[in-house]
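> model the following, please.
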Amino acid sequence: MTEPTQRAKELYIQFLGHFLNMHKAGVLKEYKSFEIPREVELEWLQEWAMEHVKQLSIRDWDAITILESISRNYQDSWIVEKVVSFASRNIMSADSLVRLIYAEKMLEIIRSHNQVITKELLFQGCKVAVQILEDVISQPLVIDPGHELKEHNLKDKRALNSRAQQGIEEVKVLINS
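Here you go, the predicted model:
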C-alpha cells in the first residue's frame with residue numbers, strides 16, 4: 001500500500017467512514033484529496049469489522065461499540081450474524097451491565113442492517129436480545145469490578161430494569177417496521 005493510500009486508510013478508519021466527523025476534525029479535505037473509490041472504503045470497513053468481530057468479549061463492550069459505529073456506514077448481514085451468534089453463546093455469563101449494553105448495541109446494529117438482513121435473522125437477533133434483556137430484569141444485579149452504573153446514567157437495579165424494558169419495547173418496534 002502506498003504511503004498516501006495508507007494515510008487515507010488511517011483517516012478513514014479513525015473516523016469509521018464518517019465524513020461529517022472528518023469535516024469537524026478538519027481532515028475531510030485531506031482525505032478527499034486521495035480520491036479513494038467507494039469500493040476500497042467498503043473493503044477497509046469490512047476488514048475493520050472482521051477484526052472487531054474477533055475481539056468480541058464478555059468483559060467489555062469496546063468491540064461491539066465499534067461494530068455499532070461501523071454499521072452506520074457499512075451494512076452486511078454477516079455482522080449481525082456474528083454478533084447475534086456471539087451474544088447467544090456467551091453473553092448470559094456476563095455481568096448485568098454488560099448484558100444490558102450488549103443487548104442495546106446489538107439492537108442498534110440490527111436496526112442499522114434492517115434493510116439487508118432476512119426476516120429470519122431479524123427475528124433471531126430480536127429473540128436473543130429479548131432473552132438477554134429479560135434475564136437482566138429477572139436476575140439479581142451483578143456488576144463486575146471496573147463497571148460502574150453511574151457511567152451509563154444508571155443509579156440502581158430499578159433504572160437498569162427500566163432500560164432493559166425500553167429495549168424490549170424497541171424490539172417490538174423493530175419487528176413491526
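
> hey, let's count contacts and neighbours off CA atoms from now on
Noted.

> can you pull out the helices in the chain?
3-14, 19-25, 28-33, 38-54, 62-70, 77-90, 96-112, 119-138, 157-176 (DSSP state H).

> in space, what's closest to the residue most central in space within the chain - neighbours in sequence excluded?
Central residue of the chain (Cα atoms, centre = their mean): residue 68, 2.6 Å from the mean position. Once flanking residues are discounted, residue 68 sits nearest to residue 109: 5.3 Å by Cα to Cα, 6 or more residues apart in numbering.

> count the residues that sit near that neighbour.
Residues contacting residue 109 under the criterion other Cα atoms under 10 Å number 26.

> residue contacts, it?
Counting by Cα atoms under 8 Å, 6 or more residues apart in numbering, residue 109 makes contact with 67, 68, 71, 80.

> now distance to residue 60 and pLDDT too, for these, in TSV please.
Output for the contacts of residue 109, formatted as TSV (distance: Cα to Cα, whole Å; pLDDT from 0 to 100):
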residue	distance to residue 60	pLDDT
67	13	95
68	14	95
71	19	92
80	18	97
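
> next, format those as a markdown table and append distance to residue 59.
Formatted as a markdown table, those follow (distance: Cα to Cα, whole Å):
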| residue | distance to residue 59 |
| --- | --- |
| 67 | 16 |
| 68 | 17 |
| 71 | 22 |
| 80 | 20 |
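
> closest one to residue 54 out of the residues you listed, please.
Nearest to residue 54 among the contacts of residue 109 is residue 67, at 10.9 Å by Cα to Cα.

> contacting residues around stretch 142-154?
For stretch 142-154, contacts defined as Cα under 8 Å, 6+ apart pick out 95, 96, 97, 155, 156, 160.

> buried stuff in that stretch?
149, 154 (16 or more other Cα atoms under 10 Å).

> render the CA-only coordinates of that stretch in PDB, please.
Extracted in PDB, the C-alpha atoms of stretch 142-154 (Å, rounded to 0.1, in the frame of the first residue of the first chain):
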ATOM      1  CA  VAL A 142     -24.300  -8.300  39.400                       C
ATOM      2  CA  ILE A 143     -21.600  -5.800  38.500                       C
ATOM      3  CA  ASP A 144     -18.000  -6.800  37.900                       C
ATOM      4  CA  PRO A 145     -15.200  -4.600  39.200                       C
ATOM      5  CA  GLY A 146     -14.400  -1.700  36.900                       C
ATOM      6  CA  HIS A 147     -18.000  -1.400  35.600                       C
ATOM      7  CA  GLU A 148     -20.000   1.400  37.100                       C
ATOM      8  CA  LEU A 149     -23.700   2.100  36.800                       C
ATOM      9  CA  LYS A 150     -23.200   5.800  37.000                       C
ATOM     10  CA  GLU A 151     -21.000   5.800  33.900                       C
ATOM     11  CA  HIS A 152     -24.100   4.700  32.000                       C
ATOM     12  CA  ASN A 153     -26.600   7.100  33.600                       C
ATOM     13  CA  LEU A 154     -27.900   4.300  35.900                       C
END
